[in-house]
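Chemist: I would like the atomic coordinates for the input below:
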Amino acid sequence: MAERRGTWAIITGASSGIGRALAFDFAAGGFNLLLTARNQTALEEVASQCRAKHSVEVDVVAADLSCPEAVEDLVRTLKDSRHSFEVLVNNAGFGIHGEFASTDIEQNIGLVNVQVTAALRLTMAVLPGMVAQRKGRILNVASVYSFSPVPFQSVYGACKAFLLSFSSAIHNELKGTGVTVTVFCPGVTQTEFRSRAGIGQKRKESGMTAEATARIAYNATLKGSHVVVPGFWNRLYVLLAHSLPVQTVSSMVRFINRQRGQDHK
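Modeler: So this is what the prediction gives:
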């Protein structure tokens, strides 16, 4: 831990769920933190706990990453900062559930802004510095849905597929630079994500806890692992998604989600 003192990590979506758990993991590992999310009160609570428990520095930037102007302000904050950032965690995101034709287009554009545009801009803001220093870790939190079309969550699945492809491409580009890109693809996780997306769930306790999920992502990131899919059933899902025709996979996803109580509303 001592050698990480003074090392800074950026975590988006850090006020709840996996992002919050990752903040505690990185703080426990001795990293100073820049945390961002929409909910400043929740962010301040996470920051306070990290400072108290682990004696690290924590900066808080409340920002709605679905708003391009907020992303630009955050990028300016990073560039003006005295800190040298060696870790970037692109975790922020939300979901939209329903037939695409009946969903709100502005919500969908906001989803793309958070999961794609913000991730690109933040990566561009810190990556050249990482390469120059020949050390850095980027963690992009994707999903098992990165590997398949997702009926009734079409834009969410497409954004996660983008993250997987983008992460794999730049991971290859960065070979030999000392910088690695980890793309983390969890399945169902016990967070507020599903209720916010309007997705029903028969068993609220189904899936891994945010803490267990975050710990796997944290360790994989520090190791420089690339594509990480936690859990046997999630890895089986990915195997099937790779093996079956795309329309069969779409039907399989629709069936699985119906069995979980995620019926289209």
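Chemist: Tell me who's in contact with the residue nearest the centre of the chain.
Modeler: Nearest to the geometric centre of the chain sits Asn91, at 2.4 Å (CA atoms, centre = their mean). Residues in contact with Asn91 (CB atoms under 8 Å, 6 or more residues apart in numbering) are Ile11, Thr12, Gly13, Ala14, Ile18, Gly19, Leu22, Leu139, Val141. (Glycine included, C-beta is placed from N, CA and C.)
Chemist: Roughly how far does the closest residue to Gly157 other than its chain neighbours sit from Cys159?
Modeler: Nearest residue to Gly157 in three dimensions, chain neighbours excluded: Val150, at 3.2 Å (CB to CB, 6 or more residues apart in numbering). Using CB to CB, to the nearest Å, Val150 is found at 10 Å from Cys159.
Chemist: Over to Asn39?
Modeler: From Asn39 to Cys159 the distance is 21 Å (CB to CB).
Chemist: host element of Ala21?
Modeler: helix 17-28 (DSSP states H and E).
Chemist: Report the next helix or strand after that helix in sequence order.
Modeler: Heading C-terminal from helix 17-28, the first helix or strand you meet, by DSSP H and E, is strand 32-37.
Chemist: could I get the helix or strand following that next one in PDB with only the CA atoms?
Modeler: Following strand 32-37 in sequence order, the next helix or strand is helix 40-54 (DSSP H and E). Provided in PDB are the C-alpha atoms of helix 40-54 (Å, rounded to 0.1, in the frame of the first residue of the first chain):
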ATOM      1  CA  GLN A  40     -23.400  15.100  -4.300                       C
ATOM      2  CA  THR A  41     -24.700  14.100  -0.900                       C
ATOM      3  CA  ALA A  42     -24.100  10.400  -1.500                       C
ATOM      4  CA  LEU A  43     -20.700  11.200  -3.000                       C
ATOM      5  CA  GLU A  44     -19.700  13.200   0.100                       C
ATOM      6  CA  GLU A  45     -20.800  10.300   2.300                       C
ATOM      7  CA  VAL A  46     -18.600   7.900   0.400                       C
ATOM      8  CA  ALA A  47     -15.700  10.300   0.400                       C
ATOM      9  CA  SER A  48     -16.000  10.900   4.200                       C
ATOM     10  CA  GLN A  49     -15.900   7.100   4.900                       C
ATOM     11  CA  CYS A  50     -12.900   6.600   2.600                       C
ATOM     12  CA  ARG A  51     -11.000   9.400   4.300                       C
ATOM     13  CA  ALA A  52     -11.900   8.200   7.800                       C
ATOM     14  CA  LYS A  53     -11.200   4.500   7.200                       C
ATOM     15  CA  HIS A  54      -8.200   4.700   5.000                       C
END
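Chemist: Pull the CA coordinates from the longest helix belonging to the chain and hand them back as PDB.
Modeler: Longest helix in the chain by number of residues (criterion: DSSP state H): helix 154-173. The C-alpha trace of helix 154-173 is given here as PDB (Å, rounded to 0.1, in the frame of the first residue of the first chain):
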ATOM      1  CA  SER A 154     -31.400  -2.300 -27.000                       C
ATOM      2  CA  VAL A 155     -29.500   0.900 -26.400                       C
ATOM      3  CA  TYR A 156     -28.000  -0.300 -23.100                       C
ATOM      4  CA  GLY A 157     -26.700  -3.500 -24.700                       C
ATOM      5  CA  ALA A 158     -25.300  -1.600 -27.700                       C
ATOM      6  CA  CYS A 159     -23.400   0.700 -25.400                       C
ATOM      7  CA  LYS A 160     -21.900  -2.200 -23.500                       C
ATOM      8  CA  ALA A 161     -20.900  -3.800 -26.800                       C
ATOM      9  CA  PHE A 162     -19.200  -0.600 -27.800                       C
ATOM     10  CA  LEU A 163     -17.200  -0.600 -24.500                       C
ATOM     11  CA  LEU A 164     -16.100  -4.100 -25.100                       C
ATOM     12  CA  SER A 165     -14.900  -3.500 -28.700                       C
ATOM     13  CA  PHE A 166     -13.300  -0.100 -27.800                       C
ATOM     14  CA  SER A 167     -11.500  -1.500 -24.800                       C
ATOM     15  CA  SER A 168     -10.200  -4.500 -26.700                       C
ATOM     16  CA  ALA A 169      -8.900  -2.300 -29.500                       C
ATOM     17  CA  ILE A 170      -7.000   0.200 -27.300                       C
ATOM     18  CA  HIS A 171      -5.700  -2.600 -25.000                       C
ATOM     19  CA  ASN A 172      -4.000  -4.000 -28.100                       C
ATOM     20  CA  GLU A 173      -2.700  -0.500 -29.200                       C
END
